[in-house]
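got a predicted model here, sequence first, then my questions.
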Amino acid sequence: MKRPVAAVVATGRSAPDTVMTNHDFASIGIETSHEWIFERSGIVERRVAKKGETTASMGAAAGRIAMERAGVQPGEVDVIVLSTATADRLLPSTAVDIQAKLGATRAAAFDISAACSGWLYSMTTAEGLIMSGVAETALVIGSEKMSAIVDWTDRSTCVLFGDGAGACVLKRSKTGKGILSAFMRSDGKLAELLYRPDGGATTPFSAEVLEKKSHLVRMAGREVFKHAVRSMSEAADRALDGAKLTGSDIDLLIPHQANVRIIEATAKHSGISMDKVFVNVDRYGNTSSASIPIALDEAIEQGRVKEGSTVMLVAFGAGFTWASMIIRF
Ligand SMILES: CC(C)(COP(=O)(O)OP(=O)(O)OC[C@H]1O[C@@H](n2cnc3c(N)ncnc32)[C@H](O)[C@@H]1OP(=O)(O)O)[C@@H](O)C(=O)NCCC(=O)NCCS
């Protein structure tokens, strides 16, 4: 097991107040039912941003809470790494908007795009910056306004996603606790199973794009499901190998919250019983890269992650990308 270099000092989260239940889809003319959504995904409700609530505002709010709890002043942050698939603007990064909102005057700031695996990619990047001596204190945020990129007329996707943000302060470890292992992979051959076809530099936004709604999320749900189970299981194995641990050493598994059936399959593969798995997909839906930091913050709040806990985080997302991490608290 490697000596931890970077440790989670504190976490925070922020989600819109507006709750949209499965029953609420009827009011916007979507032909679906609570039973269909709940049976296939485990989702009961999700948060939806109001006008004016942005990826930057939610991310800054989550980051501010994490900094306050960590006793870190904005001026002490060396780098802000923001994971998002829903940048507020295409240029510049949303991370710089968060940097400005927080007054983190000494911080470098940049976005990472790895969809639902993005927060673990961001944590691994921040750990590397700490390991190399470039940074001592990092603010690692996952913030997503998925409601802005789903097609609200496509019942096979719009029922699955939600908005929110989570964050942590990651600092050079002086305690021997912190990140024990990290793993990341990708397979871009499968990009078109979950993507936004247009609206980027290849086919810039236009009246035609708007008409076709090809700037919004498209997903081959069944295919994604199969790959998610396989890749999250692999990611869990690699994280355990890297830390020289087995499933029985894990006090809590916090998987990406996309679908309770994917979560159950991942836990089963690693020999981890569901009482050691954190699930909040029922209350948030899939908040993409915000899902793990939101869940970690809730798990700490509920006392499910304590001093000495060994926690495994596992994610999968568009790209495809997949990633994992084991942290000792
Ligand atoms: C999306 C998902 C819930 C669909 O479940 P499924 O059991 O695979 O269902 P299917 O896609 O085969 O659809 C079955 C039927 O339900 C219908 N359907 C789709 N969305 C529906 C909805 N919201 N309400 C009611 N019916 C719906 C389909 O039209 C289809 O009808 P048909 O058989 O008459 O054509 C599931 O595939 C899934 O969770 N995939 C992974 C998605 C994911 O997690 N993505 C993010 C990864 S980070």
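Looks like it arrived, so ask away.

break this structure down into its structural domains.
Here the chain is described, according to automatic domain parsing, as comprising the domains 6-176, 180-328.

how far does the last one sit from the chain's center?
Mean C-alpha position of domain 180-328 versus that of the full chain (C-alpha atoms, centre = their mean, to the nearest Å) differs by 7 Å.

same check on the longest one?
When C-alpha coordinates are averaged (C-alpha atoms, centre = their mean), domain 6-176 and its chain have centres 7 Å apart.

and the end-to-end length of it?
Criterion C-alpha to C-alpha, to the nearest Å; first-to-last residue distance in domain 6-176 is 9 Å.

state the mean pLDDT of it.
Per-region confidence: domain 6-176 scores 97 on mean pLDDT.

likewise stretch 273-290?
98.

sorry, back to before: in TSV, list the domains of the chain along with distance to the ligand and mean neighbour count.
Any C-beta I mention is one placed from the backbone N, CA and C, and that applies to glycine too. What follows is the domains of the chain, written out as TSV (distance: least, C-beta to the nearest ligand atom, whole Å; neighbours: other C-beta atoms under 10 Å):
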stretch	distance to the ligand	mean neighbour count
domain 6-176	3	21
domain 180-328	3	20
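
which strands or helices does the helix ranked longest in the chain pack on?
Secondary structure assigned by DSSP state H gives helix 221-243 as the longest helix of the chain. In terms of contacts (3 or more C-beta pairs under 8 Å, 6 or more residues apart in numbering; DSSP states H and E), helix 221-243 is packed against strand 178-186, helix 260-269, strand 310-317, strand 321-328.

for this protein, which residue is closest to the average position?
Ser289 (2.0 Å; C-alpha atoms, centre = their mean).

what bridges to the residue nearest to Ala108 when sequence neighbours are not counted?
Leaving aside its chain neighbours, Ala108 sits nearest to Val79 (4.7 Å; criterion: C-beta to C-beta, 6 or more residues apart in numbering). For Val79, the beta-bridge partners are Ala108, Ala138 (DSSP bridges).

start the count at 24 instead of 1 going forward.
Done: numbering now begins at 24, and the last item shifts to Val102.

ok, now how distant is Val102 from Pro227?
Here Val102 is placed at a distance of 31 Å from Pro227 (C-beta to C-beta, to the nearest Å).

now do Ile323
As defined by C-beta to C-beta, Ile323 lies at a distance of 43 Å from Pro227.

what do you get for Asn309?
Using C-beta to C-beta, Asn309 is found at 28 Å from Pro227.

all strands of the stretch 24-173 of the chain, in order?
29-37, 42-44, 68-70, 102-106, 131-135, 160-168 (DSSP state E, counting those that start in this stretch).

just to check, Met154 is in contact with Arg26?
No - with contact defined as C-beta atoms under 8 Å, Met154 does not reach Arg26; the gap is 10.6 Å.

ok so, going back, counting by contacts, list what whichever helix or strand comes after the longest helix of the chain packs against.
Reading on from helix 244-266 to the C-terminus, the next helix or strand found by DSSP states H and E is strand 275-278. Secondary-structure packing of strand 275-278 (3+ C-beta pairs under 8 Å, 6+ apart): helix 283-292, helix 314-324, strand 333-340.

what angle sits between the shortest one and helix 244-266?
To tie it back to what came earlier, the one meant is strand 333-340. Here strand 333-340 runs at 150 degrees with respect to helix 244-266, directions being taken by axes from the mean of the first three to the mean of the last three C-alpha atoms, to 10 degrees.

may I have strand 333-340 exported as CSV, CA atoms only?
Output of strand 333-340 as CSV, limited to C-alpha atoms (Å, rounded to 0.1, in the frame of the first residue of the first chain):
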residue,chain,number,x,y,z
THR,A,333,-11.8,2.9,4.5
VAL,A,334,-14.1,4.1,1.6
MET,A,335,-14.2,2.9,-2.0
LEU,A,336,-15.5,5.3,-4.7
VAL,A,337,-16.4,3.9,-8.1
ALA,A,338,-17.7,5.7,-11.2
PHE,A,339,-18.7,5.2,-14.8
GLY,A,340,-19.8,7.7,-17.5
